[in-house]
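Novice: coords please:
(one chain, ligands or ions: 1)
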Amino acid sequence: PHRPVALCIEGMTCASCVARVERALRQVPGVASASVNLATETAMVEALPTVEPQALREAVRRAGYDARLPD
Ligand code: 9UX
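Specialist: Predicted coordinates for the structure are as follows:
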């Protein structure tokens, strides 16, 4: 089953940023869904256990933003 992965996203300032980050996350193989909240600068991803959080971070970075695992 998919399991939730939370990420902190840095560098977003508008709704188009949100759409870019969501698209980047959804294109990672094994990701079922991704929802980004601009106000809280967080992403909630549902992904197969084979998806490494690092792969999600790198997808966000390629899209032009920074992502970290929550503290
Ligand atoms: Mo909005 Mo985000 O005009 O990089 S797309 S600021």
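
Novice: what about the longest helix in the chain?
Specialist: helix 15-26 (DSSP state H).

Novice: is the ligand contacted by that helix?
Specialist: Yes. Helix 15-26 lies within reach of the ligand by CB under 6 Å from any ligand atom, at 16-17. (C-beta placed from N, C-alpha, C; glycine too.)

Novice: That helix: which residues count as buried?
Specialist: For helix 15-26, a neighbour-count test (16 or more other CB atoms under 10 Å) marks 17-18, 20-22, 24-25 as buried.

Novice: What helices and strands are in contact with the helix or strand just after it?
Specialist: Going down the chain from helix 15-26, the next helix or strand is strand 31-37, by DSSP states H and E. When contacts are defined as 3 or more CB pairs under 8 Å, 6 or more residues apart in numbering; DSSP states H and E, strand 31-37 packs onto helix 15-26, strand 42-47.

Novice: Now the last one - C-alpha only, CSV.
Specialist: This points to strand 42-47. Output in CSV follows, covering the C-alpha atoms of strand 42-47 (Å, rounded to 0.1, in the frame of the first residue of the first chain):
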residue,chain,number,x,y,z
THR,A,42,4.5,21.5,3.2
ALA,A,43,3.8,18.7,0.7
MET,A,44,1.9,15.5,1.5
VAL,A,45,2.7,12.7,-0.8
GLU,A,46,1.2,9.2,-1.0
ALA,A,47,3.9,6.9,-2.3
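
Novice: and the direction of it versus that of strand 31-37, what angle?
Specialist: With axes from the mean of the first three to the mean of the last three CA atoms, to 10 degrees as the basis, strand 42-47 and strand 31-37 are set at 170 degrees to each other.

Novice: The helix or strand following strand 42-47: how far from the chain's middle?
Specialist: From strand 42-47 onward toward the C-terminus, using DSSP H and E, the following helix or strand is helix 53-62. Relative to the centre of its chain, helix 53-62 is centred 7 Å away, using CA atoms, centre = their mean, to the nearest Å.

Novice: Next: stretch 6-19.
Specialist: Counting by CA atoms, centre = their mean, stretch 6-19 comes out at 9 Å from the chain centroid.

Novice: can you give me the end-to-end distance of that stretch?
Specialist: 17 Å (CA to CA, to the nearest Å).
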